[in-house]
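Chemist: Sequence first, then the predicted structure:
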Amino acid sequence: MRRPRANARWLALAVIAIAQFMVVLDVTIVNVALPAIQTDLGFSADGLQWVVNAYTLAFGGLLLLGGRLSDVLGRRRLFMAGLGLFAVASLAGGLSTSPGMLIAVRTVQGVGAALLSPAALALLTVTFPAGRERNIALAVWGALAAVGGTLGVVAGGVLVDAAGWQWIFFVNVPFALLALLVTPRVVQESRRAEAGHGFDLGGAVLGSAGLIALVYAVIRTDAAGWGSAEVLGLFGAAAALLAGFVFVESRTADPLVPLRLFRTRGMSVSAIALALNGAAFLGMFFITALYLQQVHHDSALDAGVHFVPMGIAAIASSIAGAQLVTRVGTRVGYLAGSAIGIAGLILLSRAGAHAGYVADVLPGLVIFGLGLPLVGISNQIAAVAEVSHEDAGAASGIVTTAFQIGGAIGLALVSTASTSRVTDALAHGATQPDALAAGFQRGMLVAAAIAVANLLVAAVRAPRITPDAALVAQATAA
């Protein structure tokens, strides 16, 4: 592909960045709208988590297939297809009138994001030549996650309070339409010439179905119990489907997940680490958003603003963390991030029904925000450090998927534990605020237990890798 002129390249980056920003924004913007959505559409406490999980599962489960399709069918084509699907689903999300409709729409949004996101990163890479320009473009791309996540909670609060929860979806539509109009004019088509022609649909179906069965099994433990026939059957189905996925991946010519990558210690540990990191983060974020509004009586905007210090801490930690790992190595960063995250979650678990924000909530949020990126950066670098250049894209896709899927499972575990505690407290005569606070505390302790598991993985298995600056730039943009 002939590279476009310099001005056109930066216009292309602007368009690609807008689209990716929407994908990142949508992960967090929904959380502060959850109480309003629950009241308006009549979601149950168990069902509400699917507003987040439907998107996360579809996004994570199909992310690798989206990358593969973009290589074969054309990156700009898949980028525009995903963007169009995302826009239509966003419009439908704002028009949703029932829990089932909104969950279905969120699933379609996740599919659109899975087509759009890997194609966008590939377009960025082929648009900018290696060196200073590409490094700047990758830095802009990498900054989107932290900034988008922080802005999402504030924007969600503003929209919910000013116009209604529907506008957290409607706001995507004009930006998506603008990007769709401009993309053909400033972004050139590209595809990987040496790519095969298999889509590995069997692997995509088995992997996604297995993960959905696994998450649903965890969710059903609250109502049916861990030892019930239903839950055991779901876990059995998940195990069979995921075993089938591994079998297919080991024999297909063009696998979604090249299993050979897991022979490297960095990749195998990083996939686990990022899954656990995603689990602790998404579970914490979900129930904290509910706690701030249902127990602390924040408005949606206040809740969003109260998350901002955590986002600022995460941005600062991301910048410092990239420099830290080049000096002391990935293992130290991983250990430090895990330990800091545990401290933040334990502090949050002490917030009760009458807790104050500044004294009881803010310290835990800030400390957790400092730890989260250290685990992420250290393991993104470790994942790509020991694989060949040709496999770097696949390695980045695996760890990104691990974070998303881990987040879905962690959300199910934390939310289920929290809901169970609320139900038990109410049954024993607790007031509504006290019961909700007890559920929040239980959920935080489950998230902390997940973070402790991550610390143990770091202590026992994490490799010692000291990367150079180029590897840091490559890994943190993925």
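Modeler: Good, I have the coordinates. Numbering: from 1, shown residues only.

Chemist: the helices in the stretch 151-300 of the chain, which residues?
Modeler: Taking DSSP state H, counting those that start in this stretch as the criterion, the stretch 151-300 of the chain contains helices spanning 167-170, 172-186, 201-224, 229-251, 265-294, 300-328.

Chemist: could you dump the ones you listed to JSON lines with mean neighbour count and distance to Ala383?
Modeler: Bear in mind the C-beta positions are built from the backbone N, C-alpha and C, glycine included. Converted to JSON lines, these look like this (neighbours: other Cβ atoms under 10 Å; distance: least, Cβ to Cβ, whole Å):
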{"stretch": "helix 167-170", "mean neighbour count": "22", "distance to Ala383": "32"}
{"stretch": "helix 172-186", "mean neighbour count": "16", "distance to Ala383": "30"}
{"stretch": "helix 201-224", "mean neighbour count": "20", "distance to Ala383": "19"}
{"stretch": "helix 229-251", "mean neighbour count": "16", "distance to Ala383": "18"}
{"stretch": "helix 265-294", "mean neighbour count": "26", "distance to Ala383": "4"}
{"stretch": "helix 300-328", "mean neighbour count": "20", "distance to Ala383": "13"}
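
Chemist: Dump those to a markdown table, plus distance to Ala155.
Modeler: As requested, those are exported to a markdown table (distance: least, Cβ to Cβ, whole Å):
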| stretch | distance to Ala155 |
| --- | --- |
| helix 167-170 | 8 |
| helix 172-186 | 11 |
| helix 201-224 | 27 |
| helix 229-251 | 35 |
| helix 265-294 | 14 |
| helix 300-328 | 7 |
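
Chemist: Compare the ones you listed and give me the one nearest Ala451.
Modeler: With Cβ to Cβ as the criterion, Ala451 lies closest to helix 265-294 of these, at 4.7 Å.

Chemist: circling back to that earlier point, of the helices of the stretch 151-300 of the chain, give the one that comes closest to Asn379.
Modeler: Here helix 265-294 is closest among these (Cβ to Cβ), at 3.9 Å.

Chemist: quick one: that closest one to chain centroid distance?
Modeler: 8 Å (Cα atoms, centre = their mean, to the nearest Å).

Chemist: Kindly report the same for stretch 156-163.
Modeler: With Cα atoms, centre = their mean as the basis, the mean position of stretch 156-163 lies at 23 Å from the chain mean.

Chemist: Need the CA coordinates for it. PDB is fine.
Modeler: Extracted in PDB, the C-alpha atoms of stretch 156-163 (Å, rounded to 0.1, in the frame of the first residue of the first chain):
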ATOM      1  CA  GLY A 156     -22.400   9.700  31.200                       C
ATOM      2  CA  GLY A 157     -23.300  11.600  34.300                       C
ATOM      3  CA  VAL A 158     -23.900  14.800  32.400                       C
ATOM      4  CA  LEU A 159     -26.100  13.100  29.800                       C
ATOM      5  CA  VAL A 160     -28.100  11.100  32.300                       C
ATOM      6  CA  ASP A 161     -28.900  14.100  34.500                       C
ATOM      7  CA  ALA A 162     -29.500  16.600  31.700                       C
ATOM      8  CA  ALA A 163     -31.300  14.500  29.000                       C
END
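
Chemist: Averaged pLDDT, it. What do you get?
Modeler: For stretch 156-163, mean pLDDT is 93.

Chemist: What are the contacting residues of that stretch?
Modeler: 28-33, 36, 165, 167-168, 171, 299-305 (Cβ atoms under 8 Å, 6 or more residues apart in numbering).

Chemist: what's around Ala162, how many residues?
Modeler: 10 (other Cβ atoms under 10 Å).

Chemist: for Thr330, same thing?
Modeler: Neighbour tally, Thr330, other Cβ under 10 Å: 31.

Chemist: what pLDDT does it get?
Modeler: Note on Thr330: pLDDT of 89.

Chemist: do the same with Ala36
Modeler: Reported pLDDT for Ala36: 95.

Chemist: Likewise for Leu41?
Modeler: At Leu41, the pLDDT recorded in the model is 96.

Chemist: and Ser96, helix, strand or coil?
Modeler: coil (DSSP: H, G, I helix; E, B strand; the rest coil).

Chemist: Now do the same contact list for the closest residue to it other than its chain neighbours.
Modeler: Nearest residue to Ser96, sequence neighbours excluded (Cβ to Cβ, 6 or more residues apart in numbering): Leu102, at 4.0 Å. Counting by Cβ under 8 Å, 6+ apart, Leu102 touches Ile37, Leu41, Val51, Gly93, Ser96.

Chemist: again, but for Pro184
Modeler: Arg76, Met80.

Chemist: What distance do you get for it to Ser228?
Modeler: Per Cβ to Cβ, to the nearest Å, Pro184 is found 53 Å from Ser228.

Chemist: in stretch 95-111, what counts as buried?
Modeler: Ser96, Pro99, Leu102, Ile103, Ala104, Val105, Arg106, Thr107, Val108, Gln109, Gly110, Val111 (16 or more other Cβ atoms under 10 Å).

Chemist: Point out the ones among those that are inside helices.
Modeler: Pro99, Leu102, Ile103, Ala104, Val105, Arg106, Thr107, Val108, Gln109, Gly110, Val111 (DSSP state H).

Chemist: which of the residues you listed sit farthest apart?
Modeler: Pro99 and Val111, at 19.1 Å, using Cβ to Cβ across those.

Chemist: Output the below-cut-off pLDDT ranges for this protein.
Modeler: 1-7, 130-132, 135, 142, 145-146, 192-199, 389-393, 468-478 (pLDDT under 70).

Chemist: residue closest to the middle of it?
Modeler: Gln404 (4.2 Å; Cα atoms, centre = their mean).

Chemist: Contact partners for it?
Modeler: If a contact means Cβ under 8 Å, 6+ apart, then Gln404 has Thr56, Leu57, Phe59, Gly60, Leu63, Gly278 as its contacts.

Chemist: Apart from its chain neighbours, what residue comes closest to it?
Modeler: Nearest non-adjacent residue to Gln404 (Cβ to Cβ, 6+ apart): Gly60, at 2.9 Å.
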